[in-house]
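Colleague: coords below, sequence missing:
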C-alpha cells in the first residue's frame, strides 16, 4: 500500500468535498482539514508510536529537540503504556509536542493492514508534512531514538546558513550512527546527564534521517524525499559538522547497580547539562501525576516486535509479504493499562472495484486494561 497525493481545483474556501466517478451515483464525503498556519520555524514529524514502553528515550528525545530549537514535535500515536501517554499529555500542555491519534482501517476482505509498509509510515509522515508545511520553514522526519546533533549549533541558524551558502541543496541528510545507552528505569532516578555519559557508539552505520526545506520538497519519506528539480542535490552531513545518534539499543539498569556502570562518553557536556537541567525542572511537574511517577521502563513488547518484523520477507522468511507490524502476533498482558488510538470508518462503494473508507469522527484515545494492541 502506498500514499498518493492528488491535486485538484476547487471553489475558494470549500465547506464540503466529495469524491466520485462519472457513472456512479454514490459519493464519498471527505473531511476537510485546513493546514496549520501558526508560525513555527522548525517542526519534527515522528514515526507513529506503538506499543511504547521505553519512556526514557521519549523524554530524552522531546527535551533534546526542544533544546536545539524545534518549535513543535508531532507525535503520531497508535498505542503506549498509560504512564507514557500521560507524560506525552504533559509535554503537549507545555506546547513542546502535539499528539495526533493515528489509526489505519482494518478492511477484512482486502487484508488492508497487511499491505502496509511497517505501520503506514509513509501515510503518517506525509500527513504531518502536508499539515505543517505552511507553518514551518523546515521539517525534520525522524524516530524518537534518533538524536540529531550539529556540533552545539542550534538547528534553525544552521539550516538557514546551509541554504544561503549552498542554494542547490535539496535536503540535509544524516548517516545514522548506531549506539547503545543505559538508563535508570524510574522517573525518580532518571538523569539525562548520566544516561548520555553511558553512550557507546557501535561500528554500525546506515542511512539516516533528513531535514526538509518546505519551499523545495513536496512529499517525504522516512529517509529521503523525491526531488523533482534535478539541479538540487542532498547535502550529506560530515563528521566535522555533526551526527545522527541512533540510540537503537536502550538498556535499563538495576537501580542498585548504578555505580557499576562504566561511563563511556564525554559527548557534548555543556549541551547535555543544559538539557538535563530543563528536564529536572520539568520532572517536578511530571512527578505530580501518579501514573508517571510510578511508571517503569519495560521490555514486554520490544523484543517480540523486533523479532517478528525481522522474520518478514527476505531470505528464510517466516512470514511472506509486506514488512508490516500488523502481521505480528503480539501477546496480551492482563492488568497492564494501555492507551490506544481508535476510530470507526464509513464505507462508500463508488464502483464494484472502488471502495472508499472515510472516518466517521476524529480518532480518539481509549484505555485498554489488558495491554497494548494495534
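Modeller: Here it is on my side, so go on. Please read all numbers here as calculations on a predicted model, not as lab measurements.
Colleague: contacts, neighbours, all on C-alpha from now
Modeller: Fine.
Colleague: in the protein, which strand has the most residues?
Modeller: strand 169-184 (DSSP state E).
Colleague: packing partners of whichever helix in the chain runs longest?
Modeller: Assignment by DSSP state H gives helix 269-286 as the longest helix of the chain. If you count contacts as 3 or more Cα pairs under 8 Å, 6 or more residues apart in numbering; DSSP states H and E, helix 269-286 packs onto helix 55-67, helix 192-197.
Colleague: which stretches of this structure have low pLDDT?
Modeller: 1-4, 254-268, 313-322 (pLDDT under 70).
Colleague: quick one: the helices in it?
Modeller: Under DSSP H, the chain gives helices at 55-67, 82-93, 121-132, 155-165, 192-197, 269-286, 290-293, 302-310.
Colleague: those: which one's closest to residue 105?
Modeller: Nearest of the helices of the chain to residue 105, taken as Cα to Cα: helix 121-132 at 12.4 Å.
Colleague: run the chain-centre distance for the closest one.
Modeller: 10 Å (Cα atoms, centre = their mean, to the nearest Å).
Colleague: same check on stretch 103-118?
Modeller: Its chain's C-alpha centre and that of stretch 103-118 lie 20 Å apart, by Cα atoms, centre = their mean.
Colleague: for that stretch, how far is the first residue from the last?
Modeller: One end of stretch 103-118 sits 13 Å from the other (Cα to Cα, to the nearest Å).
Colleague: you'd agree residue 186 is up against residue 296?
Modeller: Yes. Using Cα atoms under 8 Å, residue 186 is in contact with residue 296, at 5.1 Å.
Colleague: run the angle between the longest strand of the chain and helix 155-165 for me.
Modeller: 160 degrees (axes from the mean of the first three to the mean of the last three Cα atoms, to 10 degrees).
Colleague: in strand 169-184, what counts as buried?
Modeller: Buried residues in strand 169-184, defined by neighbour count with 16 or more other Cα atoms under 10 Å: 169-184.
Colleague: so what strands line up beside it?
Modeller: Note on strand 169-184: by DSSP bridges, its sheet partners are strand 200-213 (antiparallel), strand 233-236 (parallel), strand 243-253 (parallel).
Colleague: tell me the gap between it and the middle of its chain.
Modeller: 14 Å.
Colleague: show me what contacts residue 340?
Modeller: Residues counted as contacts of residue 340 (Cα atoms under 8 Å, 6 or more residues apart in numbering) are 77, 78, 79, 80, 365, 366, 367, 368, 372, 373, 374.
Colleague: before we move on, back to that, how far off helix 55-67 does the longest strand of the chain point, in degrees?
Modeller: Going by the same axes, to 10 degrees, strand 169-184 makes 140 degrees with helix 55-67.
Colleague: what is the neighbour count of residue 248?
Modeller: 15 (other Cα atoms under 10 Å).
Colleague: one step back: now render the strands paired with strand 169-184 as JSON lines, adding distance to residue 193.
Modeller: Output for the strands paired with strand 169-184, formatted as JSON lines (distance: least, Cα to Cα, whole Å):
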{"stretch": "strand 200-213", "distance to residue 193": "14"}
{"stretch": "strand 233-236", "distance to residue 193": "29"}
{"stretch": "strand 243-253", "distance to residue 193": "15"}
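Colleague: out of those strands, which gets nearest to residue 361?
Modeller: Of all those, strand 200-213 sits nearest to residue 361, with 31.3 Å by Cα to Cα.
Colleague: contacts for the closest one next, please.
Modeller: With contacts defined as Cα under 8 Å, 6+ apart, strand 200-213 is touched by 137-142, 170-181, 222-224, 244, 264-265.
Colleague: hmm, 7 Å instead?
Modeller: 137-142, 171-181, 222-224, 264-265 (Cα atoms under 7 Å, 6 or more residues apart in numbering).
Colleague: and the closest residue to residue 141 other than its chain neighbours, what does it touch?
Modeller: With Cα to Cα, 6 or more residues apart in numbering as the criterion, residue 141 has its nearest non-adjacent residue at 4.9 Å, and that residue is residue 45. Listed by Cα under 7 Å, 6+ apart, the contact set of residue 45 reads 73, 74, 75, 125, 128, 140, 141, 142.
Colleague: which among those gets closest to residue 119?
Modeller: Nearest to residue 119, judged by Cα to Cα, of the contacts of residue 45 is residue 125 at 11.1 Å.
Colleague: and the closest one, how far is that from residue 142?
Modeller: Taking Cα to Cα, one finds residue 125 at 9 Å from residue 142.
Colleague: out of the helices and strands packed on helix 269-286, which gets nearest to residue 164?
Modeller: helix 55-67 (23.1 Å).
Colleague: run through who's touching that closest one.
Modeller: With contact meaning Cα under 7 Å, 6+ apart, helix 55-67 is reached by 84, 96, 144, 145, 147, 192, 275, 279, 297.
Colleague: can you check stretch 291-310 too?
Modeller: Under the contact criterion Cα under 7 Å, 6+ apart, stretch 291-310 has outside partners 51, 53-55, 83-84, 86-87, 185-187, 286-287, 323-325, 328, 330.
Colleague: from the contacts of residue 340, list the buried ones, please.
Modeller: Buried members of the contacts of residue 340, counted by 16+ other Cα under 10 Å: 77, 78, 79, 80, 365, 367, 368, 372, 373, 374.
Colleague: ok, so of the residues you listed, who is nearest residue 164?
Modeller: For the buried ones among the contacts of residue 340, the nearest to residue 164 is residue 77 (35.6 Å; Cα to Cα).
Colleague: contacts only, for that closest one.
Modeller: 48, 49, 50, 99, 100, 101, 102, 341.
Colleague: fine by me, we can end here.
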